[in-house]
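Participant: quick one: sequence plus predicted model below, questions after.
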Amino acid sequence: MPSDQPTDAPSGRRPRLTPPIADVRRAVRAALPDAPGSVAAAPFVLVALSGGADSLALAAATAFEAPRAGLRAGAVIVDHGLQAASAEVAAAAAATARELGLEPVVVRRVEVSGEGGPEASARSARYSALDAVADETGATMILLGHTLDDQAETVLLGLARGSGAASLAGMPARSGRYARPLLGIRRATTRQACLDAALTPWDDPHNADHGYARVRVRERVLPVLEAELGPGIAEALVRTAEQLREDEAAFDQQIDELIEEICEPAEAGIAVSVAALAANPAALRQRLIRHVVAAEFGVSLTRTQTLEVARLVTRWHGQGPIDLPGLQATRAGTRVVFSTTGSTEVLPHDH
């Protein structure tokens, strides 16, 4: 029987199993994939490690739990090169990962272009690097260290931006090969787990820079909400996200069932049945419109644009085409036609 005592302190000392360490391990254990007994080589998982408390606690727990689940575990450290000492920080995180027993440990330097803003650009570069390392190492899962606090901040930012239920649903616990085991764990718990295991986390100075909206939410907005409305705001926001994600899943299922029945090919685009759109509630009708445009043209419609298209169904008075990014929406008889050229010809549908 494997020992229940922690062995993840780099010093080799066996710290006692404290509640924070146990909480993080339990969350990781629940997220790890099952190891098929018929596979010769154990499946491999990667921890995305920055050196911060959240990802460091995740790395330590994974190093402990993965072998007990019949899995191999490594780590990937993405150096964004945004700070003078970023290479040293990455090297220190890599050294800690190896001392924890993670192998291989890959450090990947990326270039952050700044396109779309510093946060979006860094995120895009980071995920590209994570995907590349996963492909190179054959990882079946990439573990990310987002916590309950990160989820609450994401939901609040989505609410402030008015970006709809999909944004308010927050980050999924699992998306493709990405997993976020710590979405039910508070940030204070991960930091205490590191301290209990004699691990020293790195504090990213960007996390104290009020130039970032997320930092302002973390250090100013959420504390005010807690003070004025009472404790438990972060947990309430996360519960809201979970409920909205269930709603999203239900809508997605309905859309998948409907989409093949209500669409037809059109010249340079696609046509959607007006009767089918009109027969559905507004929420589903607007989701169908957004889904068709995104799937066919790769364009994400704003709410205003979606409502304009919906008026071709609900308030049709002979109005002309609606210009959308890279395409047009036109009412053509019993169809709403989306096309890149403005053509409204509906082609024969192959049933």
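Facilitator: Great, that's in hand.
Participant: angles on the backbone of L17, please.
Facilitator: Dihedral angles of L17 (phi, psi; degrees, to the nearest 10) stand at phi -80, psi 100.
Participant: swap that for L324, sorry
Facilitator: Torsion angles, degrees, to the nearest 10, at L324: phi -120, psi 170.
Participant: Three-state assignment for the nearest residue to it once chain neighbours are set aside, please.
Facilitator: Using CB to CB, 6 or more residues apart in numbering and skipping the chain neighbours, the partner closest in space to L324 is Q305 (5.8 Å). Where you see a C-beta, it was placed from the backbone N, CA and C, and this is true even at glycine. Under DSSP: H, G, I helix; E, B strand; the rest coil, Q305 falls in the helix class.
Participant: neighbours of Q305, how many?
Facilitator: 19 (other CB atoms under 10 Å).
Participant: same check on the one 10 residues further on?
Facilitator: Using other CB under 10 Å, R315 has 8 other residues around it.
Participant: any idea how far it is from I289?
Facilitator: 14 Å (CB to CB, to the nearest Å).
Participant: list the buried residues in stretch 172-181.
Facilitator: Of all the residues in stretch 172-181, those buried under the rule 16 or more other CB atoms under 10 Å are A173, R177, Y178, A179, R180, P181.
Participant: before we move on, back to that, I'd like to know how far the residue nearest to L324 sits from S55.
Facilitator: 38 Å.
Participant: same question, E228
Facilitator: Applying CB to CB to E228 and S55 gives a distance of 32 Å.
Participant: between the two, who's got more neighbours?
Facilitator: S55 (25 against 8).
Participant: tell me how this structure divides into domains.
Facilitator: Structural domains annotated on the chain: 19-231, 248-339, as defined by automatic domain parsing.
Participant: can you add distance to T240 and mean pLDDT and give those domains back as JSON lines?
Facilitator: Shown next, in JSON lines, are the domains of the chain (distance: least, CB to CB, whole Å; pLDDT from 0 to 100):
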{"stretch": "domain 19-231", "distance to T240": "6", "mean pLDDT": "91"}
{"stretch": "domain 248-339", "distance to T240": "12", "mean pLDDT": "90"}
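Participant: pick the most buried one from those domains.
Facilitator: Of these, the one with the most neighbours on average (mean count of other CB atoms under 10 Å) is domain 19-231, at a mean of 18.
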